[in-house]
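# let me see the structure of the following:
(2 chains)
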Amino acid sequence: MQRRVARPRPDWERIVESQGLIYHHTQDSVYWDESVYYAFSSREVDDLEAATNELQRIALEAGQYVIDNRRFADFGIPDAAVDAIVWAWNAEPPAIYGRFDLAYDGAHPPKLLEYNADTPTALLEASVVQWHWLKDCQPGADQFNSIHERLVAKWKELKDYTSSPLYFAAAEDVQAEDLMTATYLRDTAIEAGHQTEALLAKDIGWDEDARRFVDLEGRVIQSIFKLYPWEWLVHEEFGGHLLETYRDVQWIEPIWKMLWSNKALLAILWEMYPNHPNLLPAYLDGPRDLQHYVRKPKMAREGANITLVGPGGTIETGGDYGEEGFVCQALGPVGVFDRKYAVLGSWLVDGVSCGIGIRESDGPISNNLSRFVPHMFR
Amino acid sequence: MAAGCGSKQPQGWQACVDRATEVAVDRSNCDNERAQPQSQGYWPHYHWYYYPRGYYWDAPIFGSRVPPGGTYSTQPFASAPLAHTGGSAIGAGVRTGGSVSRGGFGSTASGHATSGS
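Okay, here's the model as predicted:
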């Protein structure tokens, strides 16, 4: 694994915008950064793929373990949501995608930092934009990336299963990252032959008489992809209606993803598989014997409310997460190259490893200012 | 992985189906027809349809055609779970025309990013 400096394409902003990446800058800095890239060997890619599939395998075991042992309180999951979670876990409604964040430096086995299983973003850049970068800038090289093809294939598989139209809902966000991610996923569904409709989360209606969710025209919603976290949905005003009607609506991703998109999963996995090569020690009840560790809220986003206790001191980030509790996880072997910290997002579609995206930060905590950097391998 | 949990054992599903249209309907149709006294040789309009889990993981929503390749029976299959039991028969695309409220989702997003977990 190497970090290499490169010359950006002269009109890279126009190019990536034409590919849908309109959020190529964050505040005053670049978000899409092609002034560098990461080069991997094929062995390293094989290791990443194998580790991702292995982590998915044990995550499935962990989900069953949590259900069998009624460990929902450890996740801060409200009692009212438990029946729907268990039902969905057993019924296996459609689930599309997820992203493991991995610490990896090319020398040690990849280690799981967290599982973004419910609303992962940085998808378009991993799936499409870095692929076009490869074709333009490294035409003789390869890339660990079949994300787009696998998304289309998965939607095709669901063609006769979901209802029409298939809705795609997201919240309005300033950067438009969520809307673009939902739009990209919608595009992959359209490519697969689905009839689709876009909808803002706030525009989802509740018909009190029919006791069904409806769109802006009063049409019943039966299949909906939502880029909106389950822990928010169940706590909002319509959360009760959602749980009441859960079995009548195909929500994608399904509600059981609450078991994975939660840092408590890290502690459960370590409890089940201590010393697993792809896991770091993690605990629900404090750092125990860990000297250097990261304290993470069970349900936080974009590096908020993190405390990092490292050899060089303690770093804390702000935010308003942490109500459901924290997990303490040992520091992982995050790759540091040229004093930049690289975290790998390892994508799965339909539960199978299919590509990576890299976020690079100036410090050890990834956040919404972390830059997306393309990669290649030979 | 099928729909997210491929390592789990396939169980299959069953649904009450209108034989004329091969469309899944509420189970009450099967139950009610079976509860009525019928003459000898009567061919039920509604049948139970069993599909081993594989390509399709769950019974189709009411109003949707069942996939080909399953098995019909006049009696429910004892070993297969019944999906969508008691679910509403309102189909996708149907306009309800009722009293609709909005804004019950989306409030947490204000000031937060969804990206991440």
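
# and the stretch 1-150 of chain A, which residues reach chain B?
A:56-57, A:60-61, A:63-64, A:89-95, A:114-122 (C-beta under 8 Å from any C-beta of the partner chain). No exception for glycine: its C-beta is placed from N, CA and C like everyone else's.

# looking at those residues, which are in helices?
A:Gln56, A:Arg57, A:Leu60, A:Glu61, A:Gly63, A:Gln64, A:Trp89, A:Asn90, A:Ala91 (DSSP state H).

# adding pLDDT, write those out as TSV.
Output for these, formatted as TSV (pLDDT from 0 to 100):
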residue	pLDDT
A:Gln56	98
A:Arg57	98
A:Leu60	97
A:Glu61	97
A:Gly63	97
A:Gln64	97
A:Trp89	95
A:Asn90	94
A:Ala91	91
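
# quick one: strands adjacent to the helix or strand bottoming out on mean pLDDT in chain B?
Among the helical and strand segments of chain B, the one scoring lowest on mean pLDDT, DSSP states H and E is strand B:71-73, with a mean of 81. Paired neighbours of strand B:71-73 in the sheet (DSSP bridges): strand B:46-51 (antiparallel).

# quick one: residues in contact with the partner strand.
Identification of contacts with strand B:46-51 by C-beta atoms under 8 Å, 6 or more residues apart in numbering or on different chains yields B:12-19, B:24-25, B:29-30, B:33, B:59, B:66-67, B:69-77, B:80.

# out of those residues, which are inside strands?
Judged by DSSP state E, the subset of these located in strands is B:Trp13, B:Gln14, B:Ala15, B:Cys16, B:Val17, B:Asp18, B:Ala24, B:Val25, B:Thr71, B:Tyr72, B:Ser73.

# who wins for most neighbours among those residues?
Using other C-beta atoms under 10 Å in any protein chain shown as the neighbour test, the ones in strands among the contacts of strand B:46-51 are led by B:Ala15, with 29 neighbours.

# run through the bridge partners of that residue.
B:Tyr49.

# from what I can see it touches B:Ala59, true?
Yes. Judged on C-beta atoms under 8 Å, B:Ala15 makes contact with B:Ala59 at a distance of 4.0 Å.

# one step back: output the ones in helices among the residues of the stretch 1-150 of chain A next to chain B in TSV; the columns should cover distance to A:Tyr184.
Formatted as TSV, those follow (distance: C-beta to C-beta, whole Å):
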residue	distance to A:Tyr184
A:Gln56	22
A:Arg57	28
A:Leu60	27
A:Glu61	31
A:Gly63	27
A:Gln64	32
A:Trp89	28
A:Asn90	31
A:Ala91	27
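
# any stretches of chain B with poor pLDDT?
Along chain B, the model assigns pLDDT under 70 to residues B:1-12, B:52-58, B:78-98, B:110-117.

# which residue lies farthest from the center of chain A?
Here the centre of chain A is the reference, and by C-alpha atoms, centre = their mean the most remote residue is A:Asp209, at 36.2 Å.

# correct me, but it touches B:Ser99?
Yes. The pair A:Asp209 / B:Ser99 is scored as a contact, 5.7 Å apart, by C-beta under 8 Å.

# grab the nearest non-local neighbour of B:Arg102.
Among residues not flanking B:Arg102 along the chain, A:Gly205 sits closest, at 4.7 Å (C-beta to C-beta, 6 or more residues apart in numbering or on different chains).

# kindly report the same for B:Asp31.
B:Cys16 (7.9 Å).

# what sits against that neighbour?
B:Ala24, B:Val25, B:Asp26, B:Arg27, B:Ser28, B:Asn29, B:Cys30, B:Asp31, B:Tyr46, B:His47, B:Trp48, B:Tyr49.

# if we go to 10 Å?
Contacts of B:Cys16 were listed using C-beta atoms under 10 Å, 6 or more residues apart in numbering or on different chains, and they are B:24-31, B:33-34, B:46-49, B:59, B:62, B:76, B:82, B:84-85.

# those, buried ones only, as a ChimeraX selection?
In ChimeraX, the members of those classed as buried (16 or more other C-beta atoms under 10 Å in any protein chain shown) are selected with the following command:
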select /B:24,25,26,27,29,30,33,46,47,48,49,59,62,76,82,84
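
# picking up where we left off before, I'd like the ones in strands among the contacts of strand B:46-51 as a markdown table, with distance to A:Glu360 appended.
As requested, the ones in strands among the contacts of strand B:46-51 are arranged in a markdown table below (distance: C-beta to C-beta, whole Å):
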| residue | distance to A:Glu360 |
| --- | --- |
| B:Trp13 | 46 |
| B:Gln14 | 51 |
| B:Ala15 | 50 |
| B:Cys16 | 55 |
| B:Val17 | 54 |
| B:Asp18 | 57 |
| B:Ala24 | 49 |
| B:Val25 | 54 |
| B:Thr71 | 55 |
| B:Tyr72 | 58 |
| B:Ser73 | 59 |
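
# roughly how far out does stretch A:316-336 sit from the chain middle?
Offset of stretch A:316-336 from its chain centre (C-alpha atoms, centre = their mean, to the nearest Å): 16 Å.
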